[in-house]
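Q: How does the following fold in three dimensions:
(3 chains)
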Amino acid sequence: MSQPEQKTLDEVATLRAELDDANYRYYVLDEPRMTDADYDRRLRRLQEIEAEYPDLVTPDSPTQRVGAPPDAGFPEVQHAVPMLSLDNALNEDEITAFVKRVADRLEIDGETIAFCCEPKLDGAAVSLVYEQGVLVSGATRGDGRTGEGITSNLRTLRSIPLKLRGKALPDLLEVRGEVIMSHEGFEALNAKAREEDGKVFANPRNAAAGSLRQLDPRITASRPLEFSAYQAARFEPDPGDATHSELMARLGDLGLRTSAALEVVTGSQGLIDYCRRLGERRDRLGYDIDGVVIKVDDLRLQRELGFVARAPRWAIAFKFPAQEETTTLNDVEFQVGRTGAITPVARLEPVTVAGVTVSNASLHNADEIARLGVMIGDTVTIRRAGDVIPQVVRVETSLRPADAREIVFPERCPVCDSEVERLEGEVVARCSGGLYCGAQRKEALKHFASRRALDIDGLGEKLIEALVERDWVKTPADLFRLDAERLASLPRMAQKSSDNLVAALDKAKQTTLARFVFALGIREVGEATAANLARHFGTLDALMGAEVADLEAVEDVGPVVAAHVHTFFRQPHNRDTIDELRALGLAWKEEEIGERPQPLAGQTWVLTGTLESMTRDEGKERLQALGAKVAGSVSKKTAGVVAGPGAGSKLAKAEQMGVPVLDEEGFLERLEAWESGRETEQ
DNA sequence: CCGCCTCGAGGTCA
DNA sequence: CTCGAGGCGG
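A: Numbering: from 1, shown residues only, chains lettered A, B, ... in the order given. A predicted model of the protein is given here:
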């Protein structure tokens, strides 16, 4: 192969610069200079040259946005800095309350505080990592700590630069933002889909999120997705900006798009004004938003405010009032849950609320029905509470038809005809049938097989229904007596599926005590309580033999839970099922009884600044597991302070008071030593 | 609660 | 091609 001439090298450099610049102008500055045709022509020319001289191809070339198709699933990605959620403010009073909280904590006048505001885009949150200015990884939010690596899909977005612009590039930049689809893009995509196969997306948010989860990046590339940055999670070396808004401007300089509607305002009135103005413009923005993100602008103040459990104290999301629609209540169905709780569910004439079709809504209980005063046939107003769960807000009584029927709460279980009882002082009514009731049995089995319980692969809702309806399975123990041959006679269950299920059941037999206890479905015993019980008693026999007082000694177990557990294990049919399960081969390693050594018992520790290898919450948990208390402020009694980068006043105070300070490296070293029991005190 | 994607498997039809 | 299970995300 011939070597490229200097002329060719120059042309490649020029084309790349022009293409990058066109993207930047189009997506970041919103001032397109180049027509699409010109862009495509240059891109094709670059592709030709790169095809001729493959050595010239670099990963950040504009031709390299669409990478190799299908690889096996998306890898897990740990977020170095967790992606937190924000507290909500649902009205102007709650904005005022937020300002007051911030002001009180900082001991300054709230009306002087500067806040950075921007629209809260309704899309999918992602995190991008740039090393030496080059995009190296991109991931979804996931649960905030761990997301999915969707780098090859994110690379196809032209508003995501493959390399950052400018001379002074950070060594490391982790930027958070939202991937959205504009109304225009969404309409165009659906118009095309309608022509081709008739399958259309329900709303821009789902279209954006769905597009990101494609295994084939070529499909993602064909979707009109846009990225807009809202936060720098890591920026090294520290750019030295004083405010969040300056930092956002810097991201813009680096070639990242940020919100055009970003504004810095002062005090609660400034915030309320901004929210009102944006609310008025909402319909004309061209993309979906569900509110306003408000952040304390001064980064020093942000550090001082710090975090509570899952959210920063220095930010809040103002949510616009939920969209409401009216529809008719066609019927009410009473569903029976795992514990026998009877839930009235409104069957509604399907109606689109905020982009999704709603046809069911829980009415919760008899009190709620009475409160609403709702009848079958009524016109009702529906809203999606917290943007997710449909809710009947009120009845349009004036529209009530003459033939509206009263909703009669059943006195007998709609599934098994057992008596329905409602205990004194409780709002929920329950079917008294226990596992005699088919509905409860199905729910109990579903729970037993669920992922966090015994995790029986392939045993889903429909299959459980079929098994219960045929009376093949009455208790969890019956599951393990199923044989492949009989299963294969079920609809949609042939040889392969049956064998798989039998294998999955066999695999599920080896479990842990905590999972097993959780799987039993004892009232009020969730995953966490089950783990506590397992750890405390160590063996199932010890747990089964425990008296109420013994149970109450377990962490987070009070009289109510203790009574439920005690009663459960006193029931002969429960004991029989457990015996059968054990006879059928269910087994687990007996847990270590009691606590691990607690070398830090009685000590108080303080964490400040950011840690790289873990979140502050994780650090806290690990310290607590060692017996330490973790406090928010430094005092004379503080045994030690762990200071990550960005530590402020707490570090200064510790130094002043002569409290020992560990950096992250030192902290990790000690943690490992303590946890392994090599060291018993600090 | 709803929508979306992926996968494995079953059923249908040529 | 369709269905069910499983997972993700808001």
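Q: Now residue A:219: closest residue in space, sequence neighbours ignored.
A: Distances taken as Cβ to Cβ, 6 or more residues apart in numbering place residue A:211 nearest to residue A:219, at 7.2 Å, with adjacent residues excluded. All C-beta spots, glycine's among them, are computed from the backbone N, C-alpha and C.
Q: In what element of secondary structure is that neighbour found?
A: For residue A:211, the host element (DSSP states H and E) is helix A:204-212.
Q: What is the helix or strand that that helix is followed by packed up against?
A: The first helix or strand that comes after helix A:204-212 along the chain, using DSSP H and E, is helix A:217-221. Using 3 or more Cβ pairs under 8 Å, 6 or more residues apart in numbering; DSSP states H and E as the contact test, the elements touching helix A:217-221 are helix A:151-154, helix A:204-212.
Q: what about the residue in the stretch 251-400 of chain A that DNA strand C sits nearest to, neighbour count?
A: The stretch 251-400 of chain A approaches DNA strand C most closely through residue A:388 (4.2 Å), counting by Cβ to the nearest atom of the strand. Other residues near residue A:388 number 9, with proximity taken as other Cβ atoms under 10 Å.
Q: Please apply the same query to the one 4 residues further on.
A: Residues contacting residue A:392 under the criterion other Cβ under 10 Å number 22.
Q: Touching, it and residue A:380? I think so.
A: Yes - in this structure, residue A:392 is within contact of residue A:380 by Cβ atoms under 8 Å, at 5.1 Å.
Q: got any residues that touch both of those two?
A: Common contact partners of residue A:392 and residue A:380 (Cβ atoms under 8 Å, 6 or more residues apart in numbering): A:329, A:346, A:372, A:374.
Q: Then the first one would be within a strand, right?
A: Looking back up the chat, that one is residue A:329. Yes - assignment of residue A:329 by DSSP: H, G, I helix; E, B strand; the rest coil places it within a strand.
Q: Can you give me the pLDDT of it?
A: For residue A:329, the pLDDT comes out at 96.
Q: re earlier: ok, and the most crowded of the shared contacts of residue A:392 and residue A:380?
A: In terms of neighbour count, residue A:346 stands highest of the shared contacts of residue A:392 and residue A:380 at 27 neighbours, by other Cβ under 10 Å.
Q: what's the spacing between the closest residue to that one other than its chain neighbours and DNA strand B?
A: Nearest non-adjacent residue to residue A:346, counting by Cβ to Cβ, 6+ apart: residue A:361, 4.7 Å away. From residue A:361 across to DNA strand B, the span is 7 Å (Cβ to the nearest atom of the strand, to the nearest Å).
Q: burial count for residue A:361?
A: Residues within reach of residue A:361, counting by other Cβ under 10 Å, total 24.
Q: For the host helix or strand of it, the averaged confidence score.
A: Assigned by DSSP H and E, residue A:361 belongs to strand A:356-362. Strand A:356-362 shows an average pLDDT of 93 in the prediction.
Q: for the stretch 401-550 of chain A, what spans make up the helices?
A: A:438-449, A:461-469, A:476-479, A:484-487, A:495-508, A:513-519, A:527-537, A:540-544, A:548-552 (DSSP state H, counting those that start in this stretch).
Q: quick check: angle from the longest one to helix A:438-449?
A: Right, the one you point to is helix A:495-508. 70 degrees (axes from the mean of the first three to the mean of the last three Cα atoms, to 10 degrees).
Q: And the second one, by the same measure?
A: Computed with the same axes, to 10 degrees, the direction of helix A:461-469 lies at 130 degrees from that of helix A:438-449.
Q: buried sites along helix A:461-469?
A: Residues of helix A:461-469 classed as buried: A:463, A:464, A:466, A:467, A:468 (neighbour count, 16 or more other Cβ atoms under 10 Å).
Q: and what of the fifth one?
A: Of the residues in helix A:495-508, those with enough neighbours to count as buried (16+ other Cβ under 10 Å) are A:497, A:498, A:501, A:502, A:504, A:505, A:508.
Q: which residues are contacting that helix?
A: In contact with helix A:495-508 (Cβ under 8 Å, 6+ apart) are residues A:449, A:454-459, A:463, A:479-480, A:482-485, A:487-488, A:490, A:493.
Q: DNA strand B contacts on the stretch 401-550 of chain A?
A: Contact residues (Cβ under 7 Å from any atom of the strand) of the stretch 401-550 of chain A with DNA strand B: A:491, A:492, A:493, A:494, A:495, A:496, A:497, A:498, A:500.
Q: quick one, which of the helices and strands packed on helix A:217-221 is packed in tightest?
A: Across those, the average number of neighbours (mean count of other Cβ atoms under 10 Å) peaks for helix A:151-154, which reaches a mean of 24.
Q: Quick check: which helices or strands does that one pack against?
A: So helix A:151-154, by 3+ Cβ pairs under 8 Å, 6+ apart, packs with strand A:134-140, helix A:204-212, helix A:217-221.
Q: ok, is the helix holding residue A:211 in contact with DNA strand C or not?
A: Yes - Helix A:204-212 reaches DNA strand C (Cβ under 7 Å from any atom of the strand) through A:205, A:206, A:209.
Q: Next, the angle from that helix to strand A:356-362.
A: Going by the same axes, to 10 degrees, helix A:204-212 makes 110 degrees with strand A:356-362.
Q: mind giving me JSON lines with the residues of helix A:204-212 next to DNA strand C and columns for distance to residue A:44 and pLDDT?
A: Below are the residues of helix A:204-212 next to DNA strand C laid out as JSON lines (distance: Cβ to Cβ, whole Å; pLDDT from 0 to 100):
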{"residue": "A:205", "distance to residue A:44": "33", "pLDDT": "96"}
{"residue": "A:206", "distance to residue A:44": "33", "pLDDT": "95"}
{"residue": "A:209", "distance to residue A:44": "31", "pLDDT": "96"}
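Q: give me the element the spatially most central residue of chain A is part of.
A: Computing the C-alpha centroid of chain A and ranking residues by Cα atoms, centre = their mean puts residue A:143 first, at 4.0 Å. Assigned by DSSP H and E, residue A:143 falls within no helix or strand.
Q: For it, give its distance to DNA strand C.
A: From residue A:143 to DNA strand C the distance is 6 Å (Cβ to the nearest atom of the strand).
Q: Can you name the residues that contact the nearest residue to residue A:427 once chain neighbours are set aside?
A: Nearest residue to residue A:427 in three dimensions, chain neighbours excluded: residue A:365, at 4.8 Å (Cβ to Cβ, 6+ apart). Counting by Cβ under 8 Å, 6+ apart, residue A:365 touches A:343, A:344, A:427, A:428, A:429.
Q: ok, and which of the residues you listed reach DNA strand C?
A: Counting by Cβ under 7 Å from any atom of the strand, no member of the contacts of residue A:365 is near DNA strand C.
Q: if we look at DNA strand C, which of the contacts of helix A:495-508 are close to it?
A: A:456, A:457, A:458, A:459, A:463.
Q: Pick the one among those residues closest to DNA strand B.
A: residue A:458 (8.4 Å).
Q: got the residues of the stretch 201-350 of chain A near DNA strand B?
A: Checking the stretch 201-350 of chain A against DNA strand B by Cβ under 7 Å from any atom of the strand, the hits are A:201, A:202, A:203, A:206, A:207, A:209, A:210, A:211, A:213, A:214, A:215, A:216.
Q: and of those, the nearest to residue A:271?
A: Set against residue A:271, the nearest of these by Cβ to Cβ is residue A:203 (28.1 Å).
Q: which one is the closest one nearest to, not counting chain neighbours?
A: Of all residues not flanking residue A:203 in the chain, residue A:355 sits nearest, at 3.0 Å (Cβ to Cβ, 6+ apart).
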